[in-house]
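> What follows is a predicted protein model with its sequence.
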Amino acid sequence: MKILVTGGAGYVGSHCVRLLKSKGHDVWVYDNLLYGHREATDPARLIVGDLLDQPAIEKAMRDHAIEAVMHFAALCYVGESVTDPAKYYRNNVVGTLNLLDAMRACGVGKIVFSSTCATYGVPQQVPIPEDHPQNPISPYGFTKLAVEKALEDYRAAYGIGYAAPRYFNASGASLDGSIGEDHDPETHLIPLVLDVALGKRDHISIFGTDYPTPDGTCIRDYIHVEDLATAHLAAIEKVQPGEAIRVNLGTGVGASVRQVITACEEVTGKKIKTVEGPRRAGDPPELVANPQGALDALGWRAQHTSVKETVASAWAWHKAHPNGYAG
Ligand SMILES: NC(=O)c1ccc[n+]([C@@H]2O[C@H](COP(=O)([O-])OP(=O)(O)OC[C@H]3O[C@@H](n4cnc5c(N)ncnc54)[C@H](O)[C@@H]3O)[C@@H](O)[C@H]2O)c1
Ligand SMILES: O=c1ccn([C@@H]2O[C@H](COP(=O)(O)OP(=O)(O)O[C@H]3O[C@H](CO)[C@@H](O)[C@H](O)[C@H]3O)[C@@H](O)[C@H]2O)c(=O)[nH]1
């Protein structure tokens with residue numbers, strides 16, 4: 001398939017691009033490089049462009065006879081989405097409408113869109129099934145839910161098929177150590193803890209120790225980025241024009257903040273200094289996927305279910321690239 005991958009120079013997108021290519025798909029990346037890295041992808045297959053430039057998206061689709069889209073491009077900082085929601089609605093919602101309208105204009109019939117468990121808000125039930133109510137608690141989550149709704153309406157009216165995988169916490173790095181996570185600023189737990197192990201940060205702050213969980217810290221479902229890639233491959237190959245697939249992508253196994261820190265200590269052999277602090281606004285106590293829906297819909301299940309194994313792949317990359325793609 002000829003696939004346009006928006007955000008393919010970013011963390012999750014770059015891992016998916018590699019897998020798609022290895023399976024023989026003809027892949028073009030469309031990324032404005034705001035947070036993406038030229039080094040994370042093949043420069044000969046990179047179109048530097050913005051989602052807000054609809055004619056440029058259409059040109060990319062026509063120039064390369066695109067048949068399907070994988071859509072990773074988005075702004076993803078939950079905190080910033082609260083202080084500057086306009087930026088998030090414009091980029092994530094208006095940008096995606098431009099992409100969908102370009103697909104209509106060019107006759108592209110299917111898309112896989114990066115949604116998130118943040119669309120569920122504070123869960124009423126854990127593990128979370130796909131039919132759980134979606135009540136986001138941040139503008140970021142609302143932008144993702146708005147796109148899910150638009151996808152469904154575009155499917156019903158115009159026949160565009162879509163898969164909307166809702167990721168839990170993307171983690172880890174490619175198993176050969178060649179690409180990994182490099183966000184600036186970094187806000188995610190695992191890379192921040194590994195920065196402490198590398199001596200780049202003095203300590204990790206634990207955001208809240210009074211949650212109703214066994215050790216008092218938040219529980220998350222850390223899904224390996226290579227597992228996310230295999231799920232996307234399954235989704236793009238499975239979904240057909242006019243169809244809809246909505247699935248959670250998680251391991252089904254949760255790990256607390258303290259458990260992640262312990263895993264990092266075991267993997268790196270370094271003692272991690274921690275500072276216990278207040279809760280971070282908007283953090284639900286526990287987010288864990290019910291993975292059955294993805295198994296039923298895509299025949300997919302996560303292969304990396306040990307957080308220690310996931311941390312080990314992240315550590316291999318961070319150790320080899322202490323300054324990310326900059327060296
Ligand atoms: N990382 C996670 O834990 C996680 C969890 C759930 C969902 N997601 C979603 O998965 C997707 C990828 O996340 P990531 O962690 O790889 O983020 P990332 O920031 O590493 O990648 C996003 C990419 O999109 C590009 N981009 C952003 N706005 C653009 C625009 N207007 N035009 C063109 N390119 C643009 C950025 O330059 C970047 O390369 C996002 O949509 C995110 O919301 C991520
Ligand atoms: O310095 C830190 C950073 C994080 N945490 C905690 O670690 C957990 C994981 O946090 P983080 O790595 O920031 O991920 P999330 O906030 O869970 O959000 C990620 O995962 C979501 C899905 O769960 C996606 O929607 C988001 O885009 C993605 O950033 C949370 O309980 C945080 O409170 C700390 O205690 N200290």
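Received it, and whenever you're ready, just let me know what you need. Ligands and ions are numbered 1, 2, ... in the order given.
> Using the three-state scheme, assign W28.
Following DSSP: H, G, I helix; E, B strand; the rest coil, W28 is assigned to strand.
> Pretty sure it sits against A9.
No: in this structure, W28 is not within contact of A9 by CB atoms under 8 Å, at 11.7 Å. C-beta here means a position set from N, CA and C on the backbone, and glycine is covered the same way.
> Compare neighbour counts for those two and give me the winner.
A9 (29 against 20; other CB atoms under 10 Å).
> For the more buried one, give me its contacts.
Residues counted as contacts of A9 (CB atoms under 8 Å, 6 or more residues apart in numbering) are V29, D31, L33, G36, H37, R38, A40, T41, L46.
> who's in contact with the spatially closest residue to the last one that is not a sequence neighbour?
Counting by CB to CB, 6 or more residues apart in numbering, the nearest residue to L46 once its immediate chain neighbours are dropped is V29, at 4.9 Å. Shown in contact with V29 (CB under 8 Å, 6+ apart): V5, T6, G8, A9, G13, V17, T41, D42, R45, L46, I47.
> Return the distance of V29 relative to ligand 1.
9 Å (CB to the nearest ligand atom, to the nearest Å).
> Who is that residue paired with across the strands?
Residues in a beta bridge with V29, per DSSP bridges, are V5, L46.
> That one and K59, how far apart?
V29 sits at a distance of 15 Å from K59 (criterion: CB to CB, to the nearest Å).
> Need phi/psi at R90.
phi -60, psi -50 (degrees, to the nearest 10).
> neighbours around the closest residue to it other than its chain neighbours, how many?
Nearest residue to R90, sequence neighbours excluded (CB to CB, 6+ apart): L52, at 7.2 Å. Look at L52: counted by other CB under 10 Å, it has 13 neighbours.
> likewise L97?
Neighbours of L97 using other CB under 10 Å come to 15.
> Over to P191?
Neighbours around P191, by other CB under 10 Å: 22.
> what's the distance between the helix or strand encompassing it and the middle of its chain?
Secondary structure assigned from DSSP states H and E places P191 in helix 189-197. The gap between where helix 189-197 is centred and where its chain is centred comes out at 18 Å by CA atoms, centre = their mean, to the nearest Å.
> Return the residues in contact with G10.
Neighbours of G10 in contact, by CB under 8 Å, 6+ apart: D31, Y35, G36, H37, A40, F72, A73.
> shouldn't the last one be in contact with L4?
Which is A73. No: at 10.5 Å, A73 does not count as touching L4 under the criterion of CB under 8 Å.
> Skipping its backbone neighbours, what lies nearest A294 in space?
Sequence neighbours aside, V247 is the residue nearest to A294 in space, at 4.2 Å (criterion: CB to CB, 6+ apart).
> Now for that neighbour: which residues touch it?
E130, A163, A164, P165, R166, A231, A235, G293, A294, A297, L298.
> how about the fourth one, secondary structure?
It stands for P165. P165 is classified as strand under three-state DSSP.
> count of residues packed around R166?
26.
> and the lowest-mean-pLDDT helix or strand in the chain, what does it pack onto?
Lowest on mean pLDDT, DSSP states H and E among the helices and strands of the chain sits helix 78-83, with a mean of 93. Helices and strands touching helix 78-83, by 3 or more CB pairs under 8 Å, 6 or more residues apart in numbering; DSSP states H and E, are helix 85-88, helix 139-158.
> Let me see the mean pLDDT of the shortest one.
Same thing as helix 85-88. Averaging pLDDT along helix 85-88 gives 98.
> now stretch 11-30
Across stretch 11-30, pLDDT averages out at 98.
> any idea how far the residue at the greatest distance from the centre of the chain lies from ligand 1?
Distance from the C-alpha centroid of the chain peaks at K271, with 29.0 Å (CA atoms, centre = their mean). From K271 across to ligand 1, the span is 27 Å (CB to the nearest ligand atom).
> Now restrict the contacts of V29 to buried residues only.
V5, T6, G8, A9, G13, V17, T41, D42, L46, I47 (16 or more other CB atoms under 10 Å).
> Where does the stretch 201-327 of the chain get nearest to ligand 2, which residue?
Closest to ligand 2 within the stretch 201-327 of the chain is C218: 3.0 Å, counting by CB to the nearest ligand atom.
> Count the neighbours of that residue for me.
25.
> so it sits right up against T209, yeah?
No: judged on CB under 8 Å, C218 makes no contact with T209 at a distance of 9.7 Å.
> Measure how buried L151 is and give me the count.
Here the number of neighbours of L151 (other CB under 10 Å) works out to 23.
> Then A164?
With other CB under 10 Å as criterion, A164 counts 25.
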